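*Asks:* Using only what follows, build the 3D model:
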Amino acid sequence: MAWGGDGDGDRRPEADEEDELDETDYKTQKDAVLFAIDVSSSMLQPPPSTGQKKADKDSAVAAALKCAYQFMQQRIIAQPKDMMGILLFGTDKSKFRDETAGRTGAGYPHCYLFTDLDIPAAEDVKSLKALVEEGEDADEVLVPAEEPASMANVLFCANQVFTTNAANFGSRRLFIITDNDNPHAKDKSAKSSAAVRAKDLYDLGVVIELFPISRGKAFDVSQFYDDIIYRDPAAEAGSSDEVRTSKAGDGLSLLNSLVSNINSKQTPKRAYFSNLPCELAPGLTISVKGYMPLHRQTPARTCYVWLGGEEAQLAQSETIKVDSATRTVDKSEIKKAYKFGGEYIYFKPEEAASLKNLGPKGLRIIGFKPRPMLPMWASVKKSIFIFPSEEHYVGSTRVFSALWQKLLKDDKVGLAWFVARDNANPVMVAIIPSRNPDEDAGETPYLPAGLWLYPLPFADDVRDVGLPATPRPADELTDKMREIVQNLQLPKAMYNPLKYPNPSLQWHYAILQAMALDEDVPASLDDATQPKFKQIDKRVGGYLADWKELLAAKAKGLMTSRAVKRDAEDEDGDRPLAKRAKPAAPNKPAAGGQMSNAQLKLAAEQDTLKKMTVAGLKDVLTSKGLSTTGKKADLLDKLEQWIEENV
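*Replies:* Numbering: from 1, shown residues only. Model (predicted):
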C-alpha cells in the first residue's frame with residue numbers, strides 16, 4: 001500500500017546533511033548487463049515453414065537481438081542508470097573498441113563489440129533498431145566465421161569490458177545466448193582455458209547466465225557449460241537448478257521464450273538498510289537487512305534541459321538566497337527557526353540536529369500481541385521485508401528463524417520501536433510473519449516468506465470516520481452475482497503486478513521514446529488493464545443475461561407492490577389525518593412539482609411565484625427538466641421564461 005508521502009517531488013539541489021535520505025535511493029542497485037550472442041550458421045538459419053499464421057519466423061540471432069532491443073527499452077524506462085552492451089561472437093569480423101582508443105579486435109578474434117557497455121543512448125537504440133527491425137547490416141556484422149570463436153576469448157573480452165566500464169557496480173551479469181552446447185568438443189585445452197576465464201569472471205563478481213536455444217535436439221548443459229556457470233546455492237535455495245531452455249513451437253515463439261527467460265532473472269535488490277541491530281530482549285541482539293519489495297513508481301524529472309541553442313543541453317541549476325533588498329545572503333547569516341504562537345524560536349545547528357535525534361538506529365521489540373488484535377485500518381504505509389544477516393552477529397539466522405516460527409505457531413505479532421537510519425523518524429511497527437507461498441494458497445506467490453515490518457499509526461494519525469456498515473441479507477440476485485464473480489477470477493486467482501504495466505507510465509515513456517528517437521507519436525498504447533470483453537462474454541455472458549432478467553423481474557415486482565400499497569392507503573378511510581396531504585389553499589399554489597401548468601400560469605399572472613420557497617422553486621424546475629443552480633431570483637427568471645414559452 002503506497003502512502004501519499006511517497007512522492008519526493010522536486011528535490012532541492014542543496015540538501016542539509018542531517019536530512020533523511022529518501023527511500024527511493026535504496027530501491028535497487030545499479031546493474032550492468034552484457035549480452036553475448038552467438039552468430040553461427042545454425043543461429044542464423046530461419047526455422048522451417050509450418051504454414052501457420054503464428055509460426056515462428058525469426059532466426060535465433062534475430063530473436064536474440066530483438067530480445068536485447070526490448071531489454072534496452074525497458075532499462076531506459078525502469079532503470080535509467082543501468083548499463084547495457086551487446087557482444088557478438090563467432091562473427092567473421094572482429095572489433096573490440098574504436099581504433100582511436102588504442103584497442104582493436106585483433107586481440108579477440110571473431111568477437112565484435114556491437115554496443116559498448118554503457119548507459120544506453122538514443123544513437124545506440126537507433127542502431128540496434130535498424131539492425132533488428134529494418135535489417136540494415138551495412139557493416140556485414142552478422143556474417144559467421146568459418147571457424148568458431150574461442151569461448152576463452154569471449155569471456156576474457158567480457159572481463160575487459162566489465163573491468164573498464166563497470167568496475168564499481170553492485171550487479172554485473174553476462175548473458176550468453178547460444179545453441180551450441182559443446183563449442184570445444186575436440187579441444188580439451190580450449191575447454192580448460194574457458195573454465196579458467198569463467199573463474200576469473202566469478203572472482204570479479206560477474207554472474208554468468210546461460211540462455212540456451214533448442215530447435216530440435218535437447219541442449220546438454222553438462223557437456224561444457226557446467227564448468228562455466230557458477231550458481232549460488234544460497235541465492236537459489238528455493239529455485240530449480242535446471243537451466244531454462246528457449247525453444248520454438250506449440251504456439252510459443254522463440255522471441256517470447258527468450259524474453260520470458262531473461263525477465264525471470266531479476267536484478268538483485270539493494271537493501272533499504274543493512275546490518276541493522278535488532279534487539280529481541282536485553283542482552284539478545286541480532287542483525288537484519290530490510291528490503292522494499294513494493295514501491296510506487298511515478299514519472300520523475302531527472303534534469304532540466306535548455307532548448308535555446310541548436311542542440312539540447314543539460315541545464316546546471318544554482319541556488320542563491322537573497323533578502324528583501326535582493327542582497328545575496330551568506331550561509332553563515334541564516335539561522336533555523338520554528339514558528340510557535342506567532343513567534344520564531346531560533347536554534348543553533350547542533351540544537352536543530354538534536355531535535356531529530358530520538359535514539360540510535362535499530363529495531364527494538366517491546367512486546368507481543370495476538371494477530372487478530374491488529375486492525376485492518378492500521379495500515380498507513382507499505383511494509384518492509386526483513387532478513388537475517390550474519391555479518392555483525394553470528395547466529396542471527398537461527399534466532400531469526402526461531403522468532404518467525406514462534407510467531408506463526410502462536411498466531412502473534414511483535415510490537416517494536418523502529419529507527420531505520422541515522423536521523424530517520426522513529427515509528428512503531430508490528431512484526432508480522434508470512435508463510436511460505438507453497439504452504440498457504442492465500443499467500444502471494446511472488447513475495448517471500450519471512451518477517452515484515454508493518455508501520456503503525458500514532459494517535460495523531462487516527463481519526464474516527466464513523467462509517468457504519470449495514471449488513472445486507474443474501475438474496476437471489478446476490479447468489480446469481482456470486483456465480484459471475486467466481487467465473488471472472490484472474491489466472492490462479494492471484495493478482496501479479498508484474499504482468500500489468502501501469503498504462504499511464506507506459507504512455508508517458510512512449511512519448512519520451514518517440515521524441516528521443518525521432519519517431520511518430522503512437523496513436524494508442526496496449527493497456528493490459530483493459531477488460532477482455534470477448535472472454536468475459538464467453539465465460540459469463542449467459543449468467544449476465546439471466547441476472548439482468550432476474551433484476552428486471554425483481555424491480556417490476558417491487559414497483560407493482562408499491563403501487564398496490566399506495567392505492568390501498570388512498571382507499572383506507574381510517575388512515576390518521578396526520579398522514580394525509582393537506583389540501584392546497586384556493587389562492588395558494590401547490591407545493592413543488594405538484595403544480596400543474598394551469599396553476600403555474602395563474603401564479604405568474606397574479607405575481608405570486610415570488611412567494612414560493614427556494615425548495616418549492618427547485619421542485620418545479622426539476623419536474624420541468626430545468627437547471628436548479630443559482631439564487632432565488634435566477635430560479636424565478638428561469639421559471640417565468642419557461643411559462644412564457646410553454647404555457
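*Asks:* what about the stretch 501-647 of the chain, any weak spots by pLDDT?
*Replies:* Counting by pLDDT under 70, the ranges of the stretch 501-647 of the chain that qualify are 565, 567-594, 647.
*Asks:* What are the boundaries of the helices in it?
*Replies:* Using DSSP state H, counting those that start in this stretch, the helices of the stretch 501-647 of the chain run over 503-516, 533-571, 597-605, 614-623, 632-646.
*Asks:* Please indicate which of the ones you listed has the most neighbours on average?
*Replies:* Per-stretch averages of neighbours, counted by mean count of other C-beta atoms under 10 Å, single out helix 614-623 among these, with a mean of 17. For every residue, glycine as well, the C-beta is placed using N, CA and C.
*Asks:* Put the alpha carbons of stretch 190-200 into CSV.
*Replies:* Taking C-alpha atoms only, stretch 190-200 is exported to CSV below (Å, rounded to 0.1, in the frame of the first residue of the first chain):
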residue,chain,number,x,y,z
ALA,A,190,40.4,-24.7,-25.1
LYS,A,191,37.7,-26.0,-22.8
SER,A,192,40.0,-25.8,-19.8
SER,A,193,41.1,-22.3,-20.8
ALA,A,194,37.4,-21.2,-21.0
ALA,A,195,36.8,-22.6,-17.5
VAL,A,196,39.8,-20.5,-16.1
ARG,A,197,38.4,-17.4,-17.7
ALA,A,198,34.9,-18.1,-16.2
LYS,A,199,36.6,-18.5,-12.8
ASP,A,200,38.2,-15.1,-13.3
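*Asks:* That one: which residues count as buried?
*Replies:* Ala190, Lys191, Ser193, Ala194, Ala195, Arg197, Ala198 (16 or more other C-beta atoms under 10 Å).
*Asks:* go on, stretch 390-408?
*Replies:* Of the residues in stretch 390-408, those buried (16+ other C-beta under 10 Å) are Tyr393, Ser396, Val399, Phe400, Leu403, Trp404, Leu407, Leu408.
*Asks:* Burial check on Ser596, number of neighbours?
*Replies:* 11 (other C-beta atoms under 10 Å).
*Asks:* what do you get for Phe385?
*Replies:* 20.
*Asks:* In a strand, it, correct?
*Replies:* Yes: checked against DSSP: H, G, I helix; E, B strand; the rest coil, Phe385 lies within a strand.
*Asks:* Show me the buried residues of stretch 390-408 that map onto helices.
*Replies:* Cross-referencing the buried residues of stretch 390-408 against helices under DSSP state H gives Ser396, Val399, Phe400, Leu403, Trp404, Leu407, Leu408.
*Asks:* returning to what we had before: same list, the helices of the stretch 501-647 of the chain, but as a markdown table with distance to Lys57 please.
*Replies:* Shown next, in a markdown table, are the helices of the stretch 501-647 of the chain (distance: least, C-beta to C-beta, whole Å):
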| stretch | distance to Lys57 |
| --- | --- |
| helix 503-516 | 25 |
| helix 533-571 | 26 |
| helix 597-605 | 74 |
| helix 614-623 | 64 |
| helix 632-646 | 68 |
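*Asks:* would you list every one of the helices in the stretch 301-450 of the chain?
*Replies:* Ranges of helices in the stretch 301-450 of the chain, per DSSP H, counting those that start in this stretch, are 349-356, 396-410.
*Asks:* Give me the contacts around the last one.
*Replies:* Looking back up the chat, that one is helix 396-410. 278, 280, 284, 286-288, 368, 387-390, 412-414, 431-433, 435, 450-451 (C-beta atoms under 8 Å, 6 or more residues apart in numbering).
*Asks:* Return the members of the residues you listed classed as buried.
*Replies:* 278, 280, 286-288, 368, 388-389, 412-414, 431-433, 450-451.
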